[in-house]
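Participant: predicted model and sequence below, questions to follow.
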Amino acid sequence: MREILHIQGGQCGNQIGAKFWEVVCAEHGIDPTGRYAGDSDLQLERINVYYNEASCG
């Protein structure tokens, strides 16, 4: 399993990190509430690259 370690520091790092996740969410059809809102089977096939749904909370 491949994992991504995302570390951000300082104001600039936080702004870049926020934009990174905004772009990733848009590319994978994830709305601001964290729900899938896309319409592509390809998005669903590759959604586990950046996201893992926890069983609780």
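Facilitator: The structure has been received and is ready for your questions.

Participant: could you dump stretch 40-47 to CSV, C-alpha only?
Facilitator: What follows is stretch 40-47, C-alpha atoms only, in CSV (Å, rounded to 0.1, in the frame of the first residue of the first chain):
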residue,chain,number,x,y,z
SER,A,40,-17.1,9.1,-13.2
ASP,A,41,-16.4,5.5,-12.6
LEU,A,42,-12.7,6.2,-13.0
GLN,A,43,-12.8,8.7,-10.0
LEU,A,44,-14.3,5.9,-7.8
GLU,A,45,-11.7,3.4,-8.9
ARG,A,46,-8.9,5.7,-7.9
ILE,A,47,-10.4,7.3,-4.8
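
Participant: what mean pLDDT does whichever strand or helix holds Gly13 have?
Facilitator: Gly13 is part of helix 10-28, with elements assigned from DSSP states H and E. Helix 10-28 shows a mean pLDDT of 90.

Participant: hmm, who's touching the next helix-or-strand element following that helix?
Facilitator: Next helix or strand after helix 10-28 toward the C-terminus (DSSP H and E): helix 41-45. Contact with helix 41-45 is made by Glu27, His28, Gly29, Tyr36, Gly38, as judged by Cβ atoms under 8 Å, 6 or more residues apart in numbering. For glycine as for every other residue, the C-beta is placed from the backbone atoms N, C-alpha and C.

Participant: wait, which of these is closest to Tyr50?
Facilitator: His28 (6.6 Å; Cβ to Cβ).

Participant: distance of the closest one relative to Gln43?
Facilitator: As judged by Cβ to Cβ, to the nearest Å, His28 and Gln43 stand 5 Å apart.

Participant: more neighbours, those two?
Facilitator: Legend: neighbour count by other Cβ atoms under 10 Å for His28 and Gln43, higher for His28 (20 against 15).

Participant: I'd say that one and Tyr50 touch.
Facilitator: Yes - in this structure, His28 is within contact of Tyr50 by Cβ atoms under 8 Å, at 6.6 Å.

Participant: compare the contacts of helix 41-45 and tell me which is most surrounded.
Facilitator: His28 (20 neighbours).
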